[in-house]
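Novice: Got a predicted model here, sequence first, then my questions.
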Amino acid sequence: MGANVSSPDQKFPVTDIHSRKPWAPRFEPEISPYKVNSPFVVEIKNKNQWKSRLDALKDTNKLLVIEFTAKWCGPCKSLEPKLDELAAKYTDVEFVKVDVDVLMSVWMEYKLHTLPGIVFMKRGQEIDRVVGVKFDELERKLHRYTQSFY
């Protein structure tokens, strides 16, 4: 058991099925120097939490990045690891996540019609947005707004 078996007709050896190890997911921490699944993105769970977060930042120059997402949204899921990485990198920026199925009224305030949607805010005012999965545009705008005194 466990030996490679080949026949004259086969160009490549075939591994005996009993010698295979069960499949296991691989974790590769060297992909990003930042902790993925980090606690850097705060999930907003209700309207009061949303309002208090917005009010707390309204009189500061701190950049607020709002991710509008949904559990059923495939493109949103592909964006999340990148946002976690950016949130770990840009620790002076406030990152929040709003599930549109939980806080539809907040999503409607921003008149977004596509997910995922990222809104950049400073001093209580929207300064920009990225709609869709656009990693380069997201990082470029994030860098620009953290470097400026907009």
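Specialist: That came in fine, so what should we check first?
Novice: Report the mean per-residue pLDDT for the biggest helix by length in the chain.
Specialist: Ranked by residue count and defined by DSSP state H, the top helix of the chain is helix 74-89. The pLDDT scores in helix 74-89 average 90.
Novice: between the helix or strand just after it and helix 74-89, how many degrees?
Specialist: Sequence-wise, the next helix or strand downstream of helix 74-89 (DSSP states H and E) is strand 94-99. Going by axes from the mean of the first three to the mean of the last three Cα atoms, to 10 degrees, strand 94-99 is angled at 160 degrees with respect to helix 74-89.
Novice: Would you give the sheet partners of strand 94-99, along with the direction of each?
Specialist: strand 41-44 (parallel), strand 64-69 (parallel) (DSSP bridges).
Novice: For that strand, give me every contacting residue.
Specialist: Residues outside strand 94-99 that contact it (Cβ atoms under 8 Å, 6 or more residues apart in numbering) are 40-44, 50, 53, 57, 62-71, 83, 86-87, 106-107. No exception for glycine: its C-beta is placed from N, CA and C like everyone else's.
Novice: Drop anything exposed from these.
Specialist: Buried by 16 or more other Cβ atoms under 10 Å: 40-41, 44, 50, 53, 57, 63-70, 83, 86-87, 106-107, out of the contacts of strand 94-99.
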